[in-house]
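Student: Fold the following.
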Amino acid sequence: MSDLYYELLVKKESTAKDAVIRYGLIVLTAVMVLGGLLISPILLIAAIALGVACYFVIPKTDLEFEYLFVNGELDVDMVMSKSKRKKANSISMEQTDIVAPLKSHRMDYYNGNQKMKTLDYSSGNPEHKRYAMITRLNNESCRVIIEPDDRMIQAIKNSAPGKVFLD
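Tutor: Next comes the predicted model:
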């Protein structure tokens, strides 16, 4: 028996918002430490709280998404700062209605639907070829944006040929 297996790693591109969060927290923590040493020791408590916030928030600004496609199941993991891994979602092709390029005419109805939940597991670069999967997660219809390469999208198409469109 042959299993259909493909793995891909996609790095999310840093945005200005990520840089502001990353460097803003670091500078604010340093200012609070300095203020705690020079002005009031109470500011050291705020510096400790900011340091804890840095520990949890800064890794989330350096993301990579790992796609693992095995026999009709797409698992998406978030890799934060190349050290922490968190399972983002598991998408079954049986629960998926359609997979097509994000800018395809087949996605016009879904792209116009503002009530549909959107999960973006791509690099965020609009110049790259990104695909949208319309699927049901937790009994809720949602749009999942991924950025597979040609080999992965072909593996997905081989798994569900009637649901995947390449145009």
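Student: which residues sit against stretch 154-167?
Tutor: 4, 6, 69, 71-72, 74, 93, 96-101, 104-106, 148, 153 (Cβ atoms under 8 Å, 6 or more residues apart in numbering). Bear in mind the C-beta positions are built from the backbone N, C-alpha and C, glycine included.
Student: For the helix or strand bottoming out on mean pLDDT in the chain, buried residues please.
Tutor: Ranked by mean pLDDT, DSSP states H and E, the weakest helix or strand in the chain is helix 108-111, scoring a mean of 82. The neighbour-count check on helix 108-111 (16 or more other Cβ atoms under 10 Å) flags Tyr110 as buried.
Student: So what's the gap between that helix and the chain middle?
Tutor: 21 Å (Cα atoms, centre = their mean, to the nearest Å).
Student: helices or strands next to it in the packing?
Tutor: Applying 3 or more Cβ pairs under 8 Å, 6 or more residues apart in numbering; DSSP states H and E, one finds that helix 108-111 contacts strand 131-137.
Student: Quick check: neighbours of the strand it packs on in the sheet, parallel or antiparallel?
Tutor: strand 96-101 (antiparallel), strand 140-146 (antiparallel) (DSSP bridges).
Student: Go ahead and name everything in contact with that strand.
Tutor: With Cβ under 8 Å, 6+ apart, strand 131-137 has contacts from 74, 89, 91-92, 95-102, 107, 110-111, 119, 141-148, 153.
Student: Let me have the strands paired with strand 131-137 in JSON lines, extended by mean neighbour count and mean pLDDT.
Tutor: Shown next, in JSON lines, are these (neighbours: other Cβ atoms under 10 Å; pLDDT from 0 to 100):
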{"stretch": "strand 96-101", "mean neighbour count": "19", "mean pLDDT": "93"}
{"stretch": "strand 140-146", "mean neighbour count": "18", "mean pLDDT": "92"}
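Student: Of all these, which one is nearest Thr61?
Tutor: With respect to Thr61, and counting by Cβ to Cβ, the nearest of the strands paired with strand 131-137 is strand 140-146 at 18.9 Å.
Student: Leu166 belongs to a strand?
Tutor: No - Leu166 is assigned coil when assessed by DSSP: H, G, I helix; E, B strand; the rest coil, not a strand.
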